[in-house]
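Chemist: Below are the sequence and a predicted model for it; my questions follow.
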Amino acid sequence: MPTPVGESSRSVIIPPVLIEGEAAAAPAGPSPQVTIPPVHIEGEATSVQRLVREHDAANAQLGCAAEAVTAAFGAIEVAGAVGGTVLGAALGPMGIAVGLAAVSGLSYSEGQKLRSLYDCETK
Amino acid sequence: MSQLGANHLGVVVSFITIIGWGFLWIMLESVTDPRVRWVRYASFGPLHQAYDRLPPVWGPLHGLLLLATLLWLAAVLVRSRKLRSWLFIVTTGCLIVSAMASARAEALALLRAPGCHALGFATPYVCTSSAVTSFA
């Protein structure tokens, strides 16, 4: 059986609360008190921590979904440029040069996207 | 590197990508390998870069990018080789105009408001106190 979080069985007495402005108008005399019986909350502290961790991880993954999709699209773009360079190599040095220009430009932006994804995941 | 320097580098890279892909699109028309079709499908990189550099406020540049996207889509899907070449040429022209206008808008935003810079469509502006010193 899991250990209860709180084992105290004392009642809690809440003092009366006066709204500002009513303090002067309040009648002099014994103020009413509310007594709440003790409440026990039972559960495993470790499972609660695990739930909190899972919730945080799920939120973090959702937050980085946009970056992940952008990086995935960037990878397709780079793959297309590499394929174009390989096929353009059949046309000679000009084909290779133009393909490398496209690959370098897309690789730069893909690097930026991967960096933003890494920053998001390690945040 | 200052924000202005990073902006200039990004603009140069965008132009290299657009012009590189523009030439590659046209040159690949001479290649008879059937795999060229798949390369064309994956050649949306310049469009994506142009989308990333769009100003946050809706304007003519968004229309221009939409036109370029439709032209690219038509070029990828059309069967006529001659028409495809022309469609790719016009798409490249639209992307160059879009990149020039976006670069100008970004540079103006940087110069008018030191410490603030436009990041793109999703995150319009970022202002940092350290960026102010990079302009001094």
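Modeler: Arrived safely.
Chemist: next structured bit after the helix-or-strand element of chain A with minimal mean pLDDT?
Modeler: Least confident helix or strand of chain A, by mean pLDDT, DSSP states H and E, is strand A:12-14 with a mean of 71. Once the chain leaves strand A:12-14, the next helix or strand it forms, by DSSP states H and E, is strand A:34-36.
Chemist: so what does that following strand touch, helix or strand wise?
Modeler: Packing partners of strand A:34-36 (3 or more Cβ pairs under 8 Å, 6 or more residues apart in numbering or on different chains; DSSP states H and E): strand A:12-14. In this view, the C-beta of every residue, glycine as well, is placed from N, C-alpha and C.
Chemist: and the residue in chain B that chain A sits nearest to, what does it touch?
Modeler: Of all residues in chain B, the one sitting closest to chain A is B:Ala42 (2.6 Å; Cβ to the nearest Cβ). By Cβ atoms under 8 Å, 6 or more residues apart in numbering or on different chains, B:Ala42 lies in contact with A:76-77, A:79-81, A:83.
Chemist: So what does it look like in phi/psi?
Modeler: Main-chain dihedrals, B:Ala42, degrees, to the nearest 10: phi -90, psi 10.
Chemist: coming back round to it: now which of the contacts of B:Ala42 would you call buried?
Modeler: Among the contacts of B:Ala42, those classed as buried by neighbour count (16 or more other Cβ atoms under 10 Å in any protein chain shown) are A:76-77, A:80-81, A:83.
Chemist: Find me the pLDDT at the residue of chain B closest to chain A, would you?
Modeler: B:Ala42 carries a pLDDT value of 89.
Chemist: likewise A:Ser8?
Modeler: Turning to A:Ser8, the model gives it a pLDDT of 57.
Chemist: Then B:Thr123?
Modeler: pLDDT, B:Thr123: 44.
Chemist: what does chain B have sitting close to chain A?
Modeler: B:13-14, B:16-21, B:23-24, B:27-28, B:30-31, B:33, B:35-36, B:38-39, B:41-45, B:48-49, B:52, B:122 (Cβ under 8 Å from any Cβ of the partner chain).
Chemist: are any of those residues buried, and which?
Modeler: Buried among the residues of chain B next to chain A by 16+ other Cβ under 10 Å: B:13-14, B:16-21, B:23-24, B:27-28, B:31, B:36, B:39, B:42-45, B:48-49, B:52.
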